[in-house]
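Enquirer: Sequence and predicted structure below; questions after.
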2 protein chains.
Amino acid sequence: MTVKEKLAVHAAEVEKYLSECLKGQGIPYGLLESMDYSLLAGGKRLRPVLVLVWAQMLGAKKEAVMPFAASLEMIHTYSLIHDDLPAMDDDDLRRGKPSNHKKFGEATAILAGDGLLTEAFGFMAKADAPAEVVVEAISLMAHSAGACGMVGGQTVDMEYTGRDGITLDELKVMHAMKTGALILSACKSGAILAKGVGATEEDVRRAEEYGRLIGVAFQIVDDVLDVVGDEASLGKPVGSDEEQGKSTYPSLIGLEESKELARKYVDEAVELLAPYSGAEAELLSELAQYIVDRVY
Amino acid sequence: MTVKEKLAVHAAEVEKYLSECLKGQGIPYGLLESMDYSLLAGGKRLRPVLVLVWAQMLGAKKEAVMPFAASLEMIHTYSLIHDDLPAMDDDDLRRGKPSNHKKFGEATAILAGDGLLTEAFGFMAKADAPAEVVVEAISLMAHSAGACGMVGGQTVDMEYTGRDGITLDELKVMHAMKTGALILSACKSGAILAKGVGATEEDVRRAEEYGRLIGVAFQIVDDVLDVVGDEASLGKPVGSDEEQGKSTYPSLIGLEESKELARKYVDEAVELLAPYSGAEAELLSELAQYIVDRVY
């Protein structure tokens, strides 16, 4: 199987869980429809797959971590719904379909996002792992998705958009918050949840560093593909930077150096997997390679 | 001391914690300013005070539960910010000051709300209690604030606003979700967090029922005060129903019967406190009485 096929197998299991997890709980119909519309709109389910694969590689059972994995897709989805709002990026389309507020109206879209974000923490609490590690993983997710992470990164991006140009360091910090934090936390939370079945702090550190590196590589590659054309998108993070004049890796350090930098980060990510073996380790290695192979 | 003075003493401690808790963590300045603007805009801090008083009555230390208590004010505040947005109630003023989006713009207001909601779960995870009860309390809060609770109640309210009239049962369910769930969970989470220091499931049940009853009484009294005038508001919940023609307790069952119903619920709430003694039990009893005394 190719890496894309392997990812699709995991994504299909996430998809199945997502398609059922909000139903039958008493969510008012109109709100449920709006939440499911965006949650089930497709996508590669990269974040939950990273949770699952890291957790499974370190010994956890898929069923034990699936609710937590699903919560990352809820958070990713809420961020897309709110990001598309007229007051934000004002996007009418998302994955080829009307964006949530175009389909259901702004008020419902705001509430669908709020609902997904809140339910996400309820699903995190359902993880079948020792309570101490569940609390640790929840704390990580709140930090990564919150005002110092994804939400903060969005405000920094808005601030930078009004400026003439930004430095490479500013670009790095902004991306680390806006899109990197959630990818890092996907890997790290998978490892944390496996602590009850033997994962060590060293495993958690490797997961975090792997997540940080592929997150940066992912962003660089998306910037490169905005220049050279996208043949095999993994699904763009929030707010891809196609706007004219916006600072990107290629605009700041050049196309070739951007590609080399992405390759360097991916190589480092793969090295972190050295202690591990088996199907999951192989997939994480292939996934990292796949990110950067898209531009070569 | 009067009940108002006692409440103010507790509220001042909550206020002190809130005023410091978001600073120094690396939240981008513009976002922090917007979050703190609404979080520190005053109010009676009823929800965190209920967490603290229930937890302390059952043996927990104030410092141990303060982060969790503060999280309820963050959730309440985010709901007010999003509720005031142009696509929602379109309110220019909140507590006599410009609403968050009038002061900072819509995009920042949406993100400030998202940030407060996300950080709230991070603060819940900081509660100094056994991890099992922290997870239980987090799960409760996600349910109460989420799509089956506060967020869901808001969508139901929007749906009802477009209709000619609703039944008393519909009104009850809507309020139980929109404002009741968070008040109930304030009391219940305080009791849950005290399970590590001896609180029992029976204590948790009493806290939940007390919270449910004062939540309903609170809503009825607010409806009554919209008719007879408000001399001593406790701070209205989200979206007070002053709009002409909207169904309220007085419009559905009459003014006198509304007042009697609120009195009945408060009496039942006070009865639930029978097993307890001390300053906290007295305050919870006085607080319940105070809600309904406002209309007599």
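Expert: Perfect, thanks for sending it. Numbers count the residues shown, from 1 in each chain, chains lettered A, B, ... in the order given.
Enquirer: correct me, but residue A:196 touches residue A:134?
Expert: No: Residue A:196 lies out of contact with residue A:134 (CB atoms under 8 Å); the separation is 9.2 Å. No exception for glycine: its C-beta is placed from N, CA and C like everyone else's.
Enquirer: Which one of these two is surrounded by more residues?
Expert: residue A:134 (27 against 18; other CB atoms under 10 Å in any protein chain shown).
Enquirer: so which helix or strand takes in that one?
Expert: Taking DSSP states H and E as the definition, one finds residue A:134 inside helix A:131-145.
Enquirer: Figure out how far that helix is from the centre of its chain.
Expert: Helix A:131-145 sits 16 Å away from the centroid of its parent chain (CA atoms, centre = their mean, to the nearest Å).
Enquirer: for the helix or strand following that helix, packing partners?
Expert: Of the helices and strands lying after helix A:131-145 in sequence (DSSP H and E), the nearest is helix A:150-161. Packing contacts for helix A:150-161, counted by 3 or more CB pairs under 8 Å, 6 or more residues apart in numbering or on different chains; DSSP states H and E, involve helix A:62-84, helix A:168-175, helix A:181-193, helix B:29-39, helix B:106-124.
Enquirer: who wins for proximity to residue A:254 among these?
Expert: Residue A:254 lies closest to helix A:168-175 among the helices and strands packed on helix A:150-161, at 11.3 Å (CB to CB).
Enquirer: which residues are contacting that closest one?
Expert: Outside helix A:168-175, the residues that touch it by CB atoms under 8 Å, 6 or more residues apart in numbering or on different chains are A:153, A:156-157, A:160, A:166, A:215-216, A:219, A:247-249, A:252-253.
Enquirer: Identify, from the residues you listed, the entry nearest to residue B:31.
Expert: Once CB to CB is applied, the member of those that ends up nearest residue B:31 is residue A:156, at 8.3 Å.
Enquirer: Can you pull out the low-pLDDT segments for the stretch 101-250 of chain A?
Expert: Low-confidence segments of the stretch 101-250 of chain A (pLDDT under 70): A:230-245.
Enquirer: what residues does it put near chain B?
Expert: Taking CB under 8 Å from any CB of the partner chain as the measure of proximity, the stretch 101-250 of chain A contacts chain B at A:105-108, A:110-111, A:113-115, A:117-122, A:124-126, A:130-132, A:134-135, A:138-139, A:141-143, A:145-148, A:151-152, A:154-156, A:158-159.
Enquirer: Buried members of those into PyMOL, please.
Expert: Here is the PyMOL command that selects only those of those that count as buried (16 or more other CB atoms under 10 Å in any protein chain shown):
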select buried, chain A and resi 106+107+108+110+111+113+114+115+117+118+119+120+121+122+124+125+126+130+131+132+134+135+138+139+141+142+143+145+146+147+148+151+152+154+155+156+158+159
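Enquirer: so how far is residue A:248 from residue A:188?
Expert: Distance, residue A:188 to residue A:248, by CB to CB, to the nearest Å: 26 Å.
Enquirer: roughly how far is the longest helix along chain A from the heart of the chain?
Expert: Ranked by residue count under DSSP state H, the longest helix found in chain A is helix A:201-228. Its chain's average C-alpha position is 11 Å from that of helix A:201-228, according to CA atoms, centre = their mean.
Enquirer: That helix: what's the following helix or strand?
Expert: helix A:249-253.
Enquirer: Return the alpha-carbon coordinates of the very next helix or strand once past that following helix using CSV.
Expert: Once the chain leaves helix A:249-253, the next helix or strand it forms, by DSSP H and E, is helix A:255-271. C-alpha atoms of helix A:255-271 as CSV (Å, rounded to 0.1, in the frame of the first residue of the first chain):
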residue,chain,number,x,y,z
LEU,A,255,11.9,28.8,-3.5
GLU,A,256,14.9,26.4,-3.5
GLU,A,257,15.9,27.3,0.1
SER,A,258,12.3,26.7,1.2
LYS,A,259,12.3,23.2,-0.4
GLU,A,260,15.7,22.4,1.2
LEU,A,261,14.5,23.6,4.6
ALA,A,262,11.4,21.4,4.4
ARG,A,263,13.6,18.5,3.5
LYS,A,264,15.9,19.1,6.4
TYR,A,265,12.9,19.2,8.9
VAL,A,266,11.5,16.1,7.5
ASP,A,267,14.8,14.2,7.7
GLU,A,268,15.0,15.3,11.4
ALA,A,269,11.5,14.1,12.0
VAL,A,270,12.3,10.7,10.5
GLU,A,271,15.4,10.4,12.7
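Enquirer: Quick check: which helices or strands does helix A:255-271 pack against?
Expert: Helix A:255-271 packs on helix A:201-228, helix A:249-253, helix A:279-293, going by 3+ CB pairs under 8 Å, 6+ apart.
Enquirer: Which residues outside it are in contact with it?
Expert: A:209-210, A:213-214, A:216-217, A:220-221, A:223-224, A:227-228, A:249-250, A:253, A:285, A:288-289, A:291-292, A:295-296.
Enquirer: now it, how far from the chain's geometric center?
Expert: 19 Å.
Enquirer: Show me which of residue A:188 and residue A:248 is the more surrounded one.
Expert: More neighbours surround residue A:188 than the other of residue A:188 and residue A:248, with 28 against 22 (other CB under 10 Å).
Enquirer: show me the contacts for the nearest residue to that one once chain neighbours are set aside.
Expert: What sits nearest to residue A:188 in space, not counting adjacent residues and going by CB to CB, 6 or more residues apart in numbering or on different chains, is residue A:208, at 4.3 Å. By CB under 8 Å, 6+ apart, the residues touching residue A:208 are A:184, A:187-188, A:191.
Enquirer: and the gap between residue A:208 and residue B:294?
Expert: Applying CB to CB to residue A:208 and residue B:294 gives a distance of 53 Å.
Enquirer: cool, and residue A:278?
Expert: 66 Å.
Enquirer: of those two, who's got more company?
Expert: residue B:294 (18 against 9).
Enquirer: re earlier: now the helices and strands packed on helix A:255-271 in CSV, with distance to residue B:23?
Expert: Formatted as CSV, the helices and strands packed on helix A:255-271 follow (distance: least, CB to CB, whole Å):
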stretch, distance to residue B:23
helix A:201-228, 26
helix A:249-253, 32
helix A:279-293, 37
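Enquirer: tell me the most buried of those helices?
Expert: helix A:201-228 (a mean of 22; mean count of other CB atoms under 10 Å in any protein chain shown).
Enquirer: between that helix and helix A:181-193, how many degrees?
Expert: 160 degrees (axes from the mean of the first three to the mean of the last three CA atoms, to 10 degrees).
Enquirer: and the angle for helix A:201-228 with helix A:168-175?
Expert: Using the same axes, to 10 degrees: helix A:201-228 against helix A:168-175 is 110 degrees.
Enquirer: Could you write out the alpha-carbon coordinates of stretch A:101-112 in PDB?
Expert: Taking C-alpha atoms only, stretch A:101-112 is exported to PDB below (Å, rounded to 0.1, in the frame of the first residue of the first chain):
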ATOM      1  CA  HIS A 101     -22.500  30.400   7.300                       C
ATOM      2  CA  LYS A 102     -23.500  30.400   3.600                       C
ATOM      3  CA  LYS A 103     -25.500  27.300   4.200                       C
ATOM      4  CA  PHE A 104     -26.900  27.900   7.700                       C
ATOM      5  CA  GLY A 105     -26.500  31.600   8.400                       C
ATOM      6  CA  GLU A 106     -23.900  33.400  10.400                       C
ATOM      7  CA  ALA A 107     -25.600  33.000  13.800                       C
ATOM      8  CA  THR A 108     -25.800  29.200  13.500                       C
ATOM      9  CA  ALA A 109     -22.300  29.000  12.100                       C
ATOM     10  CA  ILE A 110     -20.900  30.800  15.100                       C
ATOM     11  CA  LEU A 111     -22.800  28.500  17.400                       C
ATOM     12  CA  ALA A 112     -21.800  25.400  15.400                       C
END
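Enquirer: Measure how far it is from the centre of its chain, please.
Expert: 22 Å.
Enquirer: swap in stretch A:123-140?
Expert: Its chain's C-alpha centre and that of stretch A:123-140 lie 18 Å apart, by CA atoms, centre = their mean.
Enquirer: Give me the contacts around that stretch.
Expert: A:21, A:60-61, A:63-65, A:67-68, A:70-71, A:74, A:121, A:141, A:185, A:188-189, A:192-196, B:121-122, B:124-126, B:130-132, B:134-135, B:138-139, B:142.
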